[in-house]
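Visitor: Output the structure for:
(chains A and B)
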Amino acid sequence: MLNSELKKSLISIFGPNGFADSKEDCLTYSYDATSLNYLPDAIVFAETAEQVSALMKLADRHKVPIIPRGAGSGYTGGSLAVNGGIILVMEKMNRILQIDQDDMFVIVEPGVITGQLHAAVEKLGLFYPPDPASMEFATIGGNIAENAGGMRAVKYGVTRNYVMGLEVVLPNGEIIQTGSRCIKDVVGYDLTNLFVGSEGTLGTITRAILKLIPLPEAFATAAVSFPTLSSAAKAVPEIMRQKIIPSTLEFMDKHCITAVDRYLKVGLPQETEAFLLIEVDGFSSELPPVLDKITAMCKSCGAIDIKVATEVNDRARLWKIRRSITAALTCYTLKGDGEDMVVPRSCIPDIIEEGERIGDRYNLLMINYGHAGDGNIHVSLAEKEIPVSDDQVELAIMELLTAAVGMNGRIAAEHGIGCLKRNKVPLNIDPPTLKLMKQMKDMMDPNGILNPGKVFPQETNASNTEV
Amino acid sequence: MTETSKKRSNPSYLLNINLELDKCAKCGACRTVCPIYEELKLEKISARGKIALTQAVLSNNLDLTNGYQDAIDNCLQCLACTESCGSGVQLNRIIVAARAEMLQKKGLSLFKRLILRGLLPSKNLMDWFVKGSSLGQIFLFKKLPKSSGLRKRFPLPFLAKDQYVPKLVFTPFLKRVKSKTSRPSHSQVVFFTGCLINYVYPSIGESVIRVLEAIGKTVIFPQEQVCCGTPAKSQGDMTSVKRLAKINIEQLSKFEGMIITACASGGLMLKHGYSELFETKDPYHEKALNISSRTRDVSEYIVEKNGIAHLSKLKKSDPSQIITYHDPCHLCRGQQVEEQPRQLLKGLFGDQYVEMEQANRCCGSGGTYGLTHPEVSQSILQGKVEEIEKTSANLVITGCPGCMIQLKDGIQKSKTSQSVKHTMEVISQNLKV
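Guide: Below is the predicted model of the structure:
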């Protein structure tokens, strides 16, 4: 509960419609796409950077946590009030302010839905490539704060590669501008890249300049079934060795295939044990020979079924196989929140095999799917027949992540750390590096009011217990 | 302890949808597709928020508060969230259960009780009530030129200054048409009219008959059919829904042949709503499934029977007409009927058919939603009218009389001049005499 003086000040900043603290409102800003729940004390809805600035000054004085939030579609609890406090909803700042066709950039407010940004620039023949699976409902502000990835990362990179500049409200309430609309810019430290992926712990993004590129003229999609994991694994580097970088190279293992086939009844060949969804883009005249090379390469690696599509609707049908995974996997008794690790892409077969071995030891099914092109694998753990305790599941996950780290991998690729994975950060980051990060955080947010309880390993117990 | 035993003694509607609630992964995909969320940007209005609140009620973290009621009342039942959900959560079922739970707790107001439990189940009372109201309208409203709508003569509560009010008919559709005797044959079809066609837009019903006869069908109308139950269902009054369902199931079961609807919500109710009401061992369940398997939306039926070939006798459409089509929620998402009306209309109008953006986005009608939440409803409607404007169509076509009332209201208020017609009215008008 907030004290009445603070509540009054918040209403004077945000207006009566920009403030909420009813039980119903607090309950509905207590979750995200994880299974965690933490009740905030209140919610405010920002419409300007100045409001956010006034809020930060007020919160700093009252030592109340502020938790910036976009659509609340995150997978690691980044927008949850783990220490209580005030949820700062950025969704009402949702204007696309400028699309510059000559200099190819777009200026947006953080609440713009990423998919709507895509549609707006694509109408003009421009392209904002990052396409996280949640793009139809996640906000661009959240994408920047989490440095979201997506399917096209293999060719086009991740959100970070498209952020040219930011307007950020610091924890002390100051409004700063980083970067510019210039492609070349070496003036001062690169603060833009400090904020991208900082998970709302260093500042609140209130505006962003994003780089655009020309929209490819044509796309073509191939769905390829392989009889073994190793044959699919062989195909991936073979394609790359042809100097072809597909815009998407998605992968599903046999457990995923079984679930999706049951869910969608796509009729993949019975003996399919691995599945690749490959997309290429470019000028329409370029695509047929590229597709030919890819299909030939897949066949030589042992592919048993290849479906190719160039029309929008046919492509959508193939994409549906990939997009249905999350829903289809509900047929398993899933344990944990799903992993998001990444290894150098040549290590994918090794990490999957290692996962199988760990799974066998713990009597868990390791379900793998993800982005074969960039090495990012999403692993869902499921019970086989007998129940497995949460502690055992946690041990299995630790073994899996340790194995990934041993292959020069990272424990998180595109979902962030949030509160969910904070204690696993030391697996990747050594003490002096982590200490520097913590010093930077403490310098910028001495009172620890901005999104506390995230990114850094837990020191003491969180004060807000899960509900 | 007493609390638990109390809960067990009452049939708890919410407990029955626990599995549906559990399916929700809280991913948030339902938020951007919700027309109300788009307006209000409040999580408790989103499907995910309503589910979270309902879960809080079930886990005793929240009482059946007014705030909870406000959240679950703020839904158009447009099914957009259900369609977008990767986990297949049917929010429509959750909303109905939650409203039923609230109604069980708070009871039904006298006004609603009179309408839902007194008027709707009684064909004769309903006929006389509409007759009376139709006369009453003469004193309260003056007729608008050019449309079948009315305008207020003097200020009335609950009605905006320029509110479109549909004219109620003095003689219902079912009293106007001559009921043919049922001669079971493969060409016989049974027409379920629904209230709005019977009492407000009988010309839709007349058009349906004309078009179906043109493709060689004999149309019969069970005279004792009553309201499909959608208004009662949207209030959570499951007692009334069951009562109305049983009457209609009995009436429709008397006749053989496919059952034709021209009202999106009525069709949805017959196809999917009735069978859910009864447990599998209840004889009505079997009958409801039979009704469901025989029900088709009229455009769906015509396309299925290759009626387009029959209708090729159509006269050429007026070349000055530009048309566009609005998908009723309960037709496109409720019944997956999207292509059929377009096929029919494109067959008739060719290039004069212009697709509007977001044609399947709700118009904001939602039954009585426009009356209970006028601001949001009007704002959603305005978006729809803007999309219509962009097509430069002068004729807007849809497959639901409820949407027609809403669209006429929006067009009247924005002072644009499109006419609004049902798909069947347009086809009927273009039939060669």
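Visitor: Unless I'm misreading it, B:Gln340 sits right up against B:Lys305, doesn't it?
Guide: No. In this structure, B:Gln340 is not within contact of B:Lys305 by Cβ atoms under 8 Å, at 11.1 Å. (C-beta placed from N, C-alpha, C; glycine too.)
Visitor: Looking at the two, which is more packed in?
Guide: B:Gln340 (24 against 18; other Cβ atoms under 10 Å in any protein chain shown).
Visitor: so the more buried one is in which element?
Guide: Element membership for B:Gln340, per DSSP states H and E: helix B:339-349.
Visitor: and if you look at B:Ile138?
Guide: Counting by DSSP H and E, B:Ile138 is part of helix B:123-140.
Visitor: Which other helices and strands does that helix contact?
Guide: Under the contact criterion of 3 or more Cβ pairs under 8 Å, 6 or more residues apart in numbering or on different chains; DSSP states H and E, helix B:123-140 touches helix B:195-199.
Visitor: Try it again at 10 Å.
Guide: For helix B:123-140, the elements it packs on are strand B:149-152, strand B:165-166, helix B:173-176, helix B:195-199, judged by 3 or more Cβ pairs under 10 Å, 6 or more residues apart in numbering or on different chains; DSSP states H and E.
Visitor: Tell me which of these lies nearest to B:Ile51.
Guide: helix B:195-199 (31.2 Å; Cβ to Cβ).
Visitor: Distance of the nearest residue to A:Ile213 once chain neighbours are set aside relative to A:Asp374?
Guide: Closest residue to A:Ile213 apart from its sequence neighbours, by Cβ to Cβ, 6 or more residues apart in numbering or on different chains: A:Phe127 at 5.1 Å. Separation of A:Phe127 from A:Asp374 (Cβ to Cβ, to the nearest Å): 18 Å.
Visitor: Give me the neighbour count for the residue in the stretch 251-400 of chain B that chain A sits nearest to.
Guide: Going by Cβ to the nearest Cβ, chain A is nearest to B:Glu357 of the stretch 251-400 of chain B, at 10.6 Å. When neighbours are defined as other Cβ under 10 Å, B:Glu357 has 11 of them.
Visitor: What segments of the stretch 1-150 of chain B are helices?
Guide: Under the criterion DSSP state H, counting those that start in this stretch, the stretch 1-150 of chain B contains helices at B:2-9, B:13-16, B:18-22, B:35-40, B:47-58, B:66-73, B:80-84, B:91-106, B:110-113, B:123-140.
Visitor: ditto for the stretch 201-350 of chain B
Guide: B:202-214, B:230-234, B:238-253, B:264-268, B:274-277, B:283-294, B:298-304, B:307-310, B:329-335, B:339-349.
Visitor: How about the stretch 351-467 of chain A?
Guide: A:390-406, A:431-444.
Visitor: and the ones you listed, which is most packed in?
Guide: Highest mean neighbour count among the helices of the stretch 351-467 of chain A (mean count of other Cβ atoms under 10 Å in any protein chain shown): helix A:390-406, with a mean of 17.
Visitor: related to what we said a few turns ago, looking only at neighbour counts, state which of A:Phe127 and A:Asp374 leads.
Guide: Between A:Phe127 and A:Asp374, counting by other Cβ under 10 Å, A:Asp374 is the more crowded of the two (23 against 18).
Visitor: Hmm, A:Met341 and the more buried one touching each other?
Guide: No. In this structure, A:Asp374 is not within contact of A:Met341 by Cβ atoms under 10 Å, at 11.9 Å.
Visitor: tell me, what's touching the two both at once?
Guide: The contact sets of A:Asp374 and A:Met341 overlap at A:Ala413 (Cβ atoms under 10 Å, 6 or more residues apart in numbering or on different chains).
Visitor: okay, now the residue in the stretch 151-300 of chain A that chain B sits nearest to: neighbour count?
Guide: Nearest to chain B, among the residues of the stretch 151-300 of chain A, is A:Tyr263, at 9.5 Å (Cβ to the nearest Cβ). Neighbours of A:Tyr263 under the rule other Cβ under 10 Å: 18.
Visitor: If I look at it, what pLDDT would I see?
Guide: Confidence at A:Tyr263, expressed as pLDDT, is 85.
Visitor: Sticking with it, tell me its helix or strand.
Guide: Using DSSP H and E, A:Tyr263 falls in helix A:254-264.
Visitor: Okay, buried residues for that helix please.
Guide: A:254-261, A:263-264 (16 or more other Cβ atoms under 10 Å in any protein chain shown).
Visitor: quick one: contacts for A:His62?
Guide: Counting by Cβ under 10 Å, 6+ apart, A:His62 touches A:2-3, A:5-6, A:9-10, A:85-86, A:447, A:449.
Visitor: Tell me the pLDDT of residue 5.
Guide: By default, I'm working from chain A. pLDDT at A:Glu5 comes out at 94.
Visitor: wrong chain, I was asking about chain B
Guide: Looking at B:Ser5, its pLDDT reads 39.
Visitor: which secondary element of the chain has the worst mean pLDDT?
Guide: Using chain A here. Lowest on mean pLDDT, DSSP states H and E among the helices and strands of chain A sits helix A:325-328, with a mean of 84.
Visitor: actually chain B
Guide: Min over SSEs of chain B, mean pLDDT, DSSP H and E: helix B:2-9 (a mean of 41).
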